[in-house]
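1. Provided below are the primary sequence and the corresponding predicted coordinates.
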Amino acid sequence: MNSANFFLLILSVVFHVARAGDKELEALIYRLNSDVIELRNEIESSIANRCDSIRGCLRSSYDECQSAYTELQTCPSESELGVVFTVCGAGSRCNGLIDYSASTVRIPENLAQGPNRNPTNPAVIEDVCMTLPTQRWMVNKYWEEKTFWSSLGVARPQMYFGSDTGVFRIYPARQSEECGKYDPRTRPWYQAALPSTIRNEIKPRRVIIMLDTSRSMGEPLNANSAQTKLEYMKQSAIAVLKTLSPNDSIAVIRFAEIPRLTNRPFQLPPYLWEKSSKATVESIIESIIDLKVNGRSNWNDAFDFAFNLIKNSLESAAAGEESSCALENIAVLFFSDGDYNLPADATDESVVSLVSTKVNEIENMGDYHLHMFLYSLGHSDASNVEKKISCAVDGYWRPVLQGVSPVNVTNGYQTLFSTPMGTNAFYNYTTWSNPYNFTSGRLGYTVSALVYDRNVEPPRFEGAVGMDVSVDAAMRVFNGTLSETENAIKRITQNITVQNYNTTCDQQRINLTKCEVQSIRHYSGGNAAVCIPEKIETLPTTEFNATTDNNVTVDGEIGGVTEFVTDEVATFFDDAINCSKAFVQPCPGYEEYPTDLWRNIDMAEKSYQERVCCEVGTNEPSNDCPKLDEVSDTKISTAAIFGILFASLVVVEILGCYFCFYIRKGRANT
């Protein structure tokens, strides 16, 4: 064979290997894509049968830190699992316990305030209970696809669901190193599942946050709380900022007597929103943390400032950008306690009129849709002026007294902006995250899909499901470098998106019916937030007293105690506004939801190492780890011993030949 033919042969072999890796990576991506949609379907099926899941939910789930798992748990090595529990050892003789027969639940500590870290809010309890039936599907899917993943040399992927309430169920079950710290809503995989855009032609969301820093905001949130309205507001605003994508735009305005941008207080007009890059978001968060209360509250000047900023930004964007879609979805999040002092002649009617006029002016500028969210902190405003604004502009109001997590208080905003993804146009839409650090420390990708309750109108966002693969595994399958693998994944996933989702402006437009607006109002703020026509004079007063009725505002993180309406109230809504189908009905006996969800708390008070570290091949924690791996590291491996013996034989043979050579040479000379 001449050199030219040999070179062509080498090229063909290299090309064949590359193509084979490409096909295997494509098979991996398509399998994860289809599996995550199946998982989404299982979760949505459980949501449809949520009331059935309450039965049998008592002591049926495993807590991330307190529960001991089943006797079927195992201690795989690094080569089997693809993960090293570094606190336990090197992964050869010591690693961490995994249970492939169960899933585990993680709940942020602010939602687990009951005995033994149980949640007390019925909506959170429901999310734990209704996801439990999917555990059987997860187990079956894991073992059904063993052959496929083994053929790729990849560990079978984790499967998980993160709810909009903060509940996280993950399979297979394993202990958490940090207890109560994991909130799926702040994780990159979850945020990637909430895309502001699907194609560049469709513009992302624009968010304006208005923060009242007048003196009254320094008062406690309620009589029983040590937390001030200001501190609560800061946490809520920061939680919103952490969910923004780099494509979104943001402006945060602080106001008392004079409105200013929090991160640029001395900037001169024109004021504009800016891209929510990582640096910008961090800068704004720092400025929010430093906010102090001072002076009186001037709502008129604050609203003038905000709407002028929106107008300037839209005009600037229209002049500087060329796009086939001029759609803009704009959110204004207004935080106050309902207490304004300036100007002296201001009235509720004049404030409502001002905001209504400004909203109409913005929306008449183009294909612009402005959505207002108003939060009454402490709810000390007896006139409900913020609710009046929301009803006048098709907005959303939420009274906040206590028991509502700052992270969850803006769930209506998140729900509204996720409604387009709940339509049939995006039914099987999936999102691939950029590489990020898993909680295990590995770098990896997650494919995710949004989950909706499709029994209400509009379909209500409930959370996201995900499955993942490590970067190392993807690189092995593709047989390429990190950058080559990333480019291949982007190319393959982009092809899936282009083939299935040729999105238009209409598909991204948030244009709800009156009943759909009422549905999100109720989901966000409970019965009190629903706008009732003025001609209706008789209200179920015990259901609508926002300041005294615990069922509306006090005990719960998700829109009051529940996001439900009773049959009586549903009938009233149907008669008053013909919208009963927009509201979630309570399960029979929902007042008696289980208060103890954990199968056991045998691991309570134990350290992470005591709960997770094990000797490979066993099924229980071991006190000998990580010592076993430390000892093994000091020993010479079998392979090393054979290497030394082989090298010694070679040396002996060389010396023998050398000795024989000189003996023969001496005899020849003799």
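-> Happy to help now that I have it. Residues are numbered from 1 along each chain as shown.

2. how much space is there between Asp348 and Gly338?
-> Distance from Asp348 to Gly338, counting by Cβ to Cβ, to the nearest Å: 10 Å. For glycine as for every other residue, the C-beta is placed from the backbone atoms N, C-alpha and C.

3. who touches both of the two?
-> Common contacts of Asp348 and Gly338 (Cβ atoms under 8 Å, 6 or more residues apart in numbering): Ser383, Val385.

4. more neighbours: the two, which one.
-> Gly338 (24 against 16; other Cβ atoms under 10 Å).

5. report the buried residues of stretch 56-73.
-> Buried residues in stretch 56-73, counted by 16 or more other Cβ atoms under 10 Å: Cys57, Ser60, Ser61, Tyr62, Asp63, Glu64, Cys65, Gln66, Ser67, Ala68, Tyr69, Gln73.

6. partners of the fifth one in the sheet?
-> It refers to Asp63. Under DSSP bridges, the beta-bridge partners of Asp63 are Val105.

7. tell me the spacing between it and His369.
-> To His369, Asp63 is 43 Å away according to Cβ to Cβ.

8. tell me if Arg254 really is in a strand.
-> Yes: when DSSP: H, G, I helix; E, B strand; the rest coil is applied, Arg254 is found to be in a strand.

9. that one and Asn263 touch, don't they?
-> No: assessed by Cβ atoms under 8 Å, Arg254 is found out of contact with Asn263, at 9.8 Å.

10. which residues in the stretch 451-600 of the chain form helices?
-> Per DSSP state H, counting those that start in this stretch, the stretch 451-600 of the chain carries helices over the ranges 471-478, 482-500, 505-508, 514-525, 541-544, 550-553, 567-577.

11. which stretch in those is the model least sure about?
-> Lowest mean pLDDT of the helices of the stretch 451-600 of the chain: helix 550-553, a mean of 30.

12. which secondary element of this protein has the worst mean pLDDT?
-> Least confident helix or strand of the chain, by mean pLDDT, DSSP states H and E, is helix 550-553 with a mean of 30.

13. relative to Val469, how far out is Phe303?
-> Taken as Cβ to Cβ, the span from Phe303 to Val469 is 48 Å.

14. now do the same contact list for the closest residue to Met475 other than its chain neighbours.
-> Distance criterion Cβ to Cβ, 6 or more residues apart in numbering; nearest residue to Met475, sequence neighbours excluded, is Thr485 at 4.8 Å. Contacts for Thr485 (Cβ under 8 Å, 6+ apart) come out as Leu25, Val471, Ala474, Met475, Phe478.

15. now Ser60
-> Ser60 is in contact with Cys129, Leu132, Leu597, Arg599, counting by Cβ under 8 Å, 6+ apart.

16. dump those residues to TSV, plus neighbour count, distance to Thr147 and pLDDT.
-> Supplementary listing: these in TSV, determined by neighbours: other Cβ atoms under 10 Å; distance: Cβ to Cβ, whole Å; pLDDT from 0 to 100:
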residue	neighbour count	distance to Thr147	pLDDT
Cys129	27	33	93
Leu132	18	28	94
Leu597	26	35	95
Arg599	18	31	95
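
17. leaving out chain neighbours, which residue sits closest to Met372?
-> Closest residue to Met372 in three dimensions, ignoring its sequence neighbours and counting by Cβ to Cβ, 6+ apart: Gly395, at 3.5 Å.

18. does the one you found really touch Phe373, like I thought?
-> Yes: Gly395 is within contact range of Phe373, at 6.6 Å (criterion: Cβ under 8 Å).

19. how about low-confidence regions in the stretch 551-670 of the chain?
-> Scanning the stretch 551-670 of the chain for pLDDT under 70 picks out 551-586, 588-591, 629-670.

20. list the buried residues in the one helix or strand Val359 maps to.
-> For Val359, the element it lies in under DSSP states H and E is helix 348-363. Of the residues in helix 348-363, those buried under the neighbour-count criterion (16+ other Cβ under 10 Å) are Asp348, Val351, Val352, Leu354, Val355, Lys358, Val359, Ile362.

21. and the helix or strand just after it, which strands flank it?
-> Counting by DSSP H and E, the element after helix 348-363 in chain order, helix or strand, is strand 368-377. Strand pairing for strand 368-377, using DSSP bridges, gives strand 328-336 (parallel), strand 396-400 (parallel).

22. tell me the angle of strand 368-377 relative to helix 348-363?
-> Relative orientation of strand 368-377 and helix 348-363, computed by axes from the mean of the first three to the mean of the last three Cα atoms, to 10 degrees: 150 degrees.

23. what mean pLDDT does the next helix or strand after strand 368-377 get?
-> Sequence-wise, the next helix or strand downstream of strand 368-377 (DSSP H and E) is helix 385-392. Average pLDDT, helix 385-392: 93.

24. so which bits of helix 385-392 are buried?
-> For helix 385-392, burial by neighbour count (16+ other Cβ under 10 Å) applies to Val385, Glu386, Lys387, Lys388, Ile389, Ser390, Cys391.

25. can you check stretch 598-612 too?
-> Going by 16+ other Cβ under 10 Å, stretch 598-612 has these buried residues: Trp598, Arg599, Ile601, Met603, Ala604, Tyr608, Gln609, Arg611, Val612.

26. pull the most distant pair out of those residues.
-> Farthest-apart pair in the buried residues of stretch 598-612 is Arg599 and Gln609; separation 22.2 Å (Cβ to Cβ).

27. count of neighbours near Pro269?
-> Using other Cβ under 10 Å, Pro269 has 9 neighbouring residues.

28. please report how far Ile601 lies from Lys388.
-> As judged by Cβ to Cβ, Ile601 and Lys388 stand 48 Å apart.

29. check Leu194 too.
-> Taking Cβ to Cβ, one finds Leu194 at 31 Å from Lys388.

30. what's the answer for Val404, then?
-> Relative to Lys388, Val404 is positioned 21 Å away (Cβ to Cβ).

31. next one, pLDDT for Tyr501 please.
-> Tyr501 carries a pLDDT value of 65.

32. whoops, I mixed them up, Ser196
-> Ser196 is assigned 52 on the pLDDT scale.

33. before we move on, what about Trp189?
-> 88.

34. pretty sure it contacts Trp432?
-> No: using Cβ under 8 Å, Trp189 is not in contact with Trp432; the gap is 9.5 Å.

35. report how many residues lie close to Cys505.
-> Neighbour count for Cys505, taken as other Cβ under 10 Å: 15.

36. does Ser79 lie in a helix or a strand, and which?
-> Counting by DSSP H and E, Ser79 is found in helix 78-81.

37. just checking, what packs against that helix?
-> If contacts are counted by 3 or more Cβ pairs under 8 Å, 6 or more residues apart in numbering; DSSP states H and E, helix 78-81 sits against no helix or strand.

38. list the buried ones in that helix?
-> By neighbour count with 16+ other Cβ under 10 Å, helix 78-81 contains the buried residues Leu81.

39. pLDDT averaged over that helix, what's the number?
-> 81.

40. residues contacting it, please?
-> Contacts to helix 78-81, defined as Cβ under 8 Å, 6+ apart, come from residues Val84, Ala90, Gly91, Ser92, Asn95, Ile98, Ala155.

41. go with 10 Å
-> Helix 78-81 is contacted by residues 74-75, 84-85, 89-92, 95-96, 98, 155-156, 172, 174, 616-617 when judged by Cβ atoms under 10 Å, 6 or more residues apart in numbering.

42. among those, which are in strands?
-> Asn95, Gly96 (DSSP state E).

43. could you verify my assumption that Ala473 touches Pro157?
-> Yes: Ala473 lies in contact with Pro157 (Cβ atoms under 10 Å); the separation is 9.2 Å.

44. more crowded one of those two?
-> Pro157 (25 against 22).

45. would you list the phi and psi of that one?
-> Main-chain torsions, Pro157, degrees, to the nearest 10: phi -70, psi 150.

46. which residue sits closest to it in space, ignoring its chain neighbours?
-> Met467 (4.5 Å).

47. what number of residues lie near that neighbour?
-> Neighbourhood size, Met467 [other Cβ under 10 Å]: 25.

48. flag the shaky bits of the stretch 351-500 of the chain, pLDDT-wise.
-> Within the stretch 351-500 of the chain, the segments meeting pLDDT under 70 span 379-382, 402-403, 498-500.
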